[in-house]
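**Q** predicted model follows, preceded by the sequence.
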Amino acid sequence: MDTGHFTRLSGDECGHLLRGHSVGRVSWASSKGLQVLPVSYVSSGGLLYFRTNPDSVMGELAGPIDVAFEVDDIDVSTATGWSVLVQGEARAHDDSTSDLRIPDAWAPGERTLTVVITPSACSGRAVSAALPRS
């Protein structure tokens, strides 16, 4: 029988997983209450970058403002997965001289505000349920 596992991920493992994905969720205490919204992002130099509409509730992320950012991958069929949580500060980023390639948002609309998250803490976990082997 597989006993499963629950493993804390190292900082290097968390960074690798963040760099290997392009969609995560940013959360913060907004003027309209708690928000948790998906974004298309890029991780570069230990920082996280994404674009948003400055006239939306996400415009508050021009900050500076405390945020949490999460990326995960879950496979329901094998009952395995991992999650990385970044805590830090978001603020507007002037990317006019940058060569960052931030992925386009999935939702339609123009995104003219580039936000950068500077992490202050990062943690991650990997889990596998205990399943009988066939």
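**A** Received, thanks.
**Q** quick one: the strands in this protein?
**A** In the chain, the segments counted as strands under DSSP state E are 5-9, 23-30, 33-44, 47-52, 65-75, 80-92, 113-128.
**Q** please report how far residue 40 lies from residue 129.
**A** Distance from residue 40 to residue 129, counting by Cβ to Cβ, to the nearest Å: 30 Å. C-betas here are computed from N, CA, C, even on glycine.
**Q** no no, residue 41
**A** Taking Cβ to Cβ, one finds residue 41 at 29 Å from residue 129.
**Q** likewise for residue 108?
**A** Counting by Cβ to Cβ - residue 108 and residue 129 are separated by 38 Å.
**Q** circling back to that earlier point, neighbour count for residue 40 and residue 129, which is higher?
**A** Neighbours per residue, other Cβ atoms under 10 Å: of residue 40 and residue 129, the larger number sits with residue 40, 18 against 13.
**Q** which residues are in contact with that one?
**A** Residues counted as contacts of residue 40 (Cβ atoms under 8 Å, 6 or more residues apart in numbering) are 22, 23, 50, 102, 103, 104, 105, 106.
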